[in-house]
Structure formats: C-alpha cells, structure tokens
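Engineer: have a look; sequence and predicted model below, questions after that.
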Amino acid sequence: MRDRLITQGLGFAGLLPFYAAVLGFAYLVDYPQSLSVQGFIIYSLAILCFLSGALWGQATQTVGREQILRRVISNGLVIFAVAAVLTAQTMLAAFLLMLGYLGLLWYERRLDDTEQWYGRLRLQLTVGVVIAHLLYVWLHVKAG
C-alpha cells in the first residue's frame, strides 16, 4: 500500500512541471518565457523516455514474442520522441510527443499483466499530460 501511495504521489507530482511550463509560456516574457517553452519540450521528452524505460523493464517479466514486442515498442517510442524534438518546431514537437503518450497508453491498456489501480493511474496521468500538451499547442497557435 505504501509503494502504491508513493507511486501515485510521484506520478501526480510529475504533472507539475508540465503545468508550470505552460503557465510560464502564458505569463512570462523574454528569456523566462523561452525557458518555459523549451523546458516543456525537454521535460516531455524526458518523461516519455522514462515511461519507455519502464516498459523495457516490464519486458523482463515476460517471455517470447511479448518480450520482444515490448522492447521494440520501448525503443521505437524513444526514437520517435527524439525525432519529434529534432524537428526543432516546438508546436509540432509537442503534438508529436502527445501522440507518443497516447500511443503508449493505448499499448499499455491492451496488456493484461498490469494491476488495475496502476492502469487507472496511468490513464489519469496521461489525460493530465495530454491536456497540458493541448494547452501548450493552443498557446502557440494563439501567439501566432
């Protein structure tokens, strides 16, 4: 139970930098705003890579085709995320990273070896991350 609470607390705390960067983008100017814009993308990349690493770790608990598939998806997601950032277009990168989060959630939802509470947590956190990415993209569109 304690591990579960720690996992939930860290998961929700992990949303804070997304929203701090969105607020910085919306309300700051000059260098602090630029830092928020770039920080959002870099943080998103880091978290998506972290989640991909967790998927890699889960692969050790499986065998055969499923183990290979999890490792390939884990590596492919990291390559996709890095390629998104390498576009050097922050709005496009944010949109592509958001698709990466949704794709990972879709894949995880079809696995049957995840505890129910963790599946709910991943859904809640992904919704929070997607909302942050949509706000970020909207701010870019609004800034014109």
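Structural biologist: Nice, thanks for sending it over. Residues are numbered from 1 along each chain as shown.

Engineer: how close does the most far-flung residue of the chain relative to its centre get to residue 71?
Structural biologist: Going by Cα atoms, centre = their mean, the residue of the chain most distant from its centre is residue 64, 27.3 Å out. Distance from residue 64 to residue 71, counting by Cβ to Cβ, to the nearest Å: 12 Å. Yep, even glycine has a C-beta here, placed from its N, CA and C like the rest.

Engineer: mind listing what's buried in the top helix by length along the chain?
Structural biologist: In the chain, with assignment by DSSP state H, the single longest helix is helix 30-59. Under the neighbour-count criterion of 16 or more other Cβ atoms under 10 Å, helix 30-59 has 36-37, 39-41, 43-45, 47-49, 51-52, 55-56, 58-59 buried.

Engineer: same check on stretch 96-114?
Structural biologist: Buried residues in stretch 96-114, counted by 16+ other Cβ under 10 Å: 96-98, 100-101, 104-105, 108.

Engineer: same thing with stretch 131-140?
Structural biologist: Using 16+ other Cβ under 10 Å as the test for burial, stretch 131-140 gives 132-133, 135-137, 139-140.

Engineer: take those and keep only those in helices.
Structural biologist: The helices, defined by DSSP H, take in 132-133, 135-137, 139-140 from the buried residues of stretch 131-140.

Engineer: mind listing what the closest residue to residue 134 other than its chain neighbours touches?
Structural biologist: The spatially closest residue to residue 134, leaving aside those adjacent along the chain, is residue 98, at 7.3 Å (Cβ to Cβ, 6 or more residues apart in numbering). Going by Cβ atoms under 8 Å, 6 or more residues apart in numbering, residue 98 touches 129-130, 133-134, 137.

Engineer: looking at those residues, which is nearest residue 121?
Structural biologist: Nearest to residue 121 out of these is residue 129 (Cβ to Cβ; 12.3 Å).

Engineer: what about the closest one, distance to residue 107?
Structural biologist: Residue 129 is 15 Å from residue 107, by Cβ to Cβ.

Engineer: over to residue 5?
Structural biologist: Where residue 107 is concerned, residue 5 sits at a distance of 26 Å (Cβ to Cβ).

Engineer: that's all I had, so thanks and see you.
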